[in-house]
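> quick one, what's the 3D model for this:
(chains A, B, C and D)
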There are 2 protein chains.
Amino acid sequence: MSAKQKGNVDIVAVAKAAKVSPSTVSRTFNHPDLVSPATRKKINRAVQKLGYIRNRAAQTMHGKRSATIGLVVPTINHAIFAEVIQAFSDAIDKEGFSLLLASHGYDLDREYAMVRKFLEHRVDGVALIGLEHSQATARLIAQQETPAMAIWNYAQDAALPCVGADNRQAGRMAAAHLLELGHRDIGLIFPDTQGNDRARHRLSAVLETLEAAGITVPQDRKSEAPYSVAQAKQAALDLLAGPSRPTALLCGNDVIAQGALYGAQKRGLKVPEELSVMGIGDFKGSADIEPGLSTVRIPAETIGTLAGAEFTRFITSDTPEPFSLCCDLEQIIRGTTGPA
Amino acid sequence: MSAKQKGNVDIVAVAKAAKVSPSTVSRTFNHPDLVSPATRKKINRAVQKLGYIRNRAAQTMHGKRSATIGLVVPTINHAIFAEVIQAFSDAIDKEGFSLLLASHGYDLDREYAMVRKFLEHRVDGVALIGLEHSQATARLIAQQETPAMAIWNYAQDAALPCVGADNRQAGRMAAAHLLELGHRDIGLIFPDTQGNDRARHRLSAVLETLEAAGITVPQDRKSEAPYSVAQAKQAALDLLAGPSRPTALLCGNDVIAQGALYGAQKRGLKVPEELSVMGIGDFKGSADIEPGLSTVRIPAETIGTLAGAEFTRFITSDTPEPFSLCCDLEQIIRGTTGPA
DNA sequence: AATAGTATTGCAAACGTTTTCATAAACTGC
DNA sequence: GCAGTTTATGAAAACGTTTGCAATACTATT
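The predicted structure follows:
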């Protein structure tokens, strides 16, 4: 029927119940074609009866893959990463891998600690967000010879295989859109770029693009806010408080843009007539805000799925070749941007 | 200095380098007080030099804890669960545990598969969302004697230790608020309650509360939408299309409420003057929408943190006693609800 | 200086698998 | 029937730890 006495149902208990050797049981799981159908049936019955569950730890110890992949993200609680995590998780699950997840709160030393923790668990691979990591982290994964990859950023000369998008390009596209609409007095709300190469690349590309158009953004048009709707809203309120106000706000990502939009609405400003708001990211939900958020689409789900698929392929391949994928960006023009 | 030849730096390599026995090395990690400071120093130097990283799989196999906890959620890509996951992850990380995460997309059979997968990895505990699970899942964890807990729901007579809130109470509070404001024609937008006891409890409590006030909600005032802003928006548009429209919308959670709000705005309705919108959950961001969303606060972060803390305590305790915590709900009245 | 106790270390068995090698049995084709 | 294959199984070593037990070295007590 079911539940046998103790909890120690192992492969030899199954073997005994099926009157075969442990080796045969193991083979039934790993190379079913090598064991006769009759024996297989006997064994499966025993497995059922005893409620046997394979012990991955033991397999791992033997040198087989652990069938786990570690993913270290800055934060889970964040529209954009949640979406990649979901997609990545689904993709590797499809290949039989389990996801070990940790977050470091944008602290590269904690990132190192998390990677280390995962290596203790002998993950088959470590995936990180972005391409900026501490020396120690790089050394660790190199030395350990554990497959590693970067998600979210793409760069030709990246030290790690990566699947992501070009954040500089994203910054350029966002700025270009506002320039095309004739805006010349543009406010910027970006997060702290320390340890966040995504934000840094976007910001520098934005500034370069504007400069190329002859625009230098004065200090009082630059504001810093973390990826929080509430704090971005406050930052926007401040930016829009002065006697003169910008005609457009370019935001580090859609969360900030959403906050900025609420801030503008609170100030009673008509968007996009009196103020344009431009985001970057195109998060789930950005399309549904009223008015719909203009932004640069970074295909989070695609990136997550692709990353998971490529990484598992890389890990399971006998002849692994490095990979790198650059996902296309897209200007999404909705209702928050209009002519200056 | 660093990187030794192969990748096979194990405890005996360290032992050799430090000229002690493997047992002593092991003890240095697990019972440092049992080994002399001098020896410890020698060993630590060897560890540094060789870049040794403990092998959890081997420890696990020996019968020690795996130091992993499996968390199975309906979906990651979602405001509300992202928040609990984050809090739970942080809480167990603080106790040295790693998080194995999987999602099942509201499919209880897939949930079973995920739990099984985790048991193969010999997680020290399995945490599930909600109290509704398949028979097979229950049997599995019972038989395996793996600690298990439920997050998000609370019920006195729960089969599992749980940390969460009373979703019926949440439904009652939401309905009560609208009744107090004098609403009698109330539209409902809820997700499919199949395999989702949170939603089911909320909905039934809402209906009971309304009925107790003499109100029966006609079929054409009930709408179904998944937890998606876009689809909820559509559902709201439909509900508000008829010749007569409800004076209030009560939504299954804040994501739906957000969609409903956008739908109302799109219809050109003034909220809360012409239509009240009530949510449940108080997700991150609900406070910042314009106008701020009225809702019933379910303290996701608190729940996650508490759940993580209680669970690890339970797992590591020599004399584990079952636990259960009911987190308080709170009516949060913001700008989307007003008198009928 | 002998004894008892304590602190430190090593030996070896155990944990649950997988896999190499060897063996036995069952087929080939003549 | 017989050598040569092929197929199915088992025995045993290996993976990297932890820990109970035994052995040794040191300390304090008389």
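
> quick one: residue A:198 and residue A:152 touch, right?
Yes - at 6.5 Å, residue A:198 counts as touching residue A:152 under the criterion of C-beta atoms under 8 Å. All C-beta spots, glycine's among them, are computed from the backbone N, C-alpha and C.

> quick check: neighbours shared by the two?
Listed as contacting both residue A:198 and residue A:152 by C-beta atoms under 8 Å, 6 or more residues apart in numbering or on different chains are residue A:130.

> any idea how far residue A:207 is from residue A:11?
Separation of residue A:207 from residue A:11 (C-beta to C-beta, to the nearest Å): 62 Å.

> tell me which of the two has more neighbours.
Between residue A:207 and residue A:11, counting by other C-beta atoms under 10 Å in any protein chain shown, residue A:11 is the more crowded of the two (20 against 17).

> list the contacts for the more buried one?
A:22, A:25, A:26, A:52, A:55.

> buried subset of these?
If you count burial by 16 or more other C-beta atoms under 10 Å in any protein chain shown, the buried members of those come out as A:25, A:26, A:52, A:55.

> and the residues you listed as a markdown table, adding distance to DNA strand D and pLDDT?
Shown next, in a markdown table, are the buried ones among the contacts of residue A:11 (distance: C-beta to the nearest atom of the strand, whole Å; pLDDT from 0 to 100):
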| residue | distance to DNA strand D | pLDDT |
| --- | --- | --- |
| A:25 | 8 | 97 |
| A:26 | 8 | 97 |
| A:52 | 16 | 96 |
| A:55 | 11 | 96 |
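
> and these near chain B, which?
When contact is defined as C-beta under 8 Å from any C-beta of the partner chain, those meet chain B at residue A:55.

> which parts of stretch A:157-172 are buried?
For stretch A:157-172, a neighbour-count test (16+ other C-beta under 10 Å) marks A:160-172 as buried.

> cool, stretch A:332-340 as well?
Residues A:332, A:334, A:336, A:337, A:338, A:340 are the ones in stretch A:332-340 that count as buried (16+ other C-beta under 10 Å).

> any residue of it touching chain B?
No - remark: stretch A:332-340 sits outside contact range of chain B, by C-beta under 8 Å from any C-beta, the gap being at least 10.8 Å.

> where do the helices sit along the stretch 201-340 of chain A?
Assigned by DSSP state H, counting those that start in this stretch, the helices in the stretch 201-340 of chain A fall at A:229-239, A:254-266, A:300-316.

> what is the shortest one packed up against?
Helix A:229-239 is packed against strand A:186-190, strand A:222-224, strand A:248-251, helix A:254-266, with contacts defined by 3 or more C-beta pairs under 8 Å, 6 or more residues apart in numbering or on different chains; DSSP states H and E.

> can you tell which of these is closest to chain B?
helix A:254-266 (4.5 Å; C-beta to the nearest C-beta).

> how about the residues of the stretch 1-150 of chain A that lie near DNA strand D?
Proximity of the stretch 1-150 of chain A to DNA strand D (C-beta under 7 Å from any atom of the strand) is limited to residues A:19-24, A:27, A:34-36, A:38-39, A:58, A:61-63.

> please, where are all the strands along chain A?
A:68-73, A:98-103, A:125-129, A:148-153, A:162-165, A:186-190, A:222-224, A:248-251, A:276-278, A:295-297, A:324-326, A:330-332 (DSSP state E).

> now render those as TSV, adding distance to residue A:118 and mean pLDDT.
Below are the strands of chain A laid out as TSV (distance: least, C-beta to C-beta, whole Å; pLDDT from 0 to 100):
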stretch	distance to residue A:118	mean pLDDT
strand A:68-73	3	98
strand A:98-103	6	98
strand A:125-129	6	98
strand A:148-153	10	97
strand A:162-165	18	97
strand A:186-190	30	97
strand A:222-224	32	96
strand A:248-251	33	98
strand A:276-278	37	98
strand A:295-297	31	98
strand A:324-326	22	97
strand A:330-332	34	97
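
> please convert these to JSON lines, extending it with distance to residue B:48.
Output for the strands of chain A, formatted as JSON lines (distance: least, C-beta to C-beta, whole Å):
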{"stretch": "strand A:68-73", "distance to residue B:48": "23"}
{"stretch": "strand A:98-103", "distance to residue B:48": "24"}
{"stretch": "strand A:125-129", "distance to residue B:48": "21"}
{"stretch": "strand A:148-153", "distance to residue B:48": "22"}
{"stretch": "strand A:162-165", "distance to residue B:48": "30"}
{"stretch": "strand A:186-190", "distance to residue B:48": "39"}
{"stretch": "strand A:222-224", "distance to residue B:48": "39"}
{"stretch": "strand A:248-251", "distance to residue B:48": "45"}
{"stretch": "strand A:276-278", "distance to residue B:48": "50"}
{"stretch": "strand A:295-297", "distance to residue B:48": "45"}
{"stretch": "strand A:324-326", "distance to residue B:48": "33"}
{"stretch": "strand A:330-332", "distance to residue B:48": "49"}
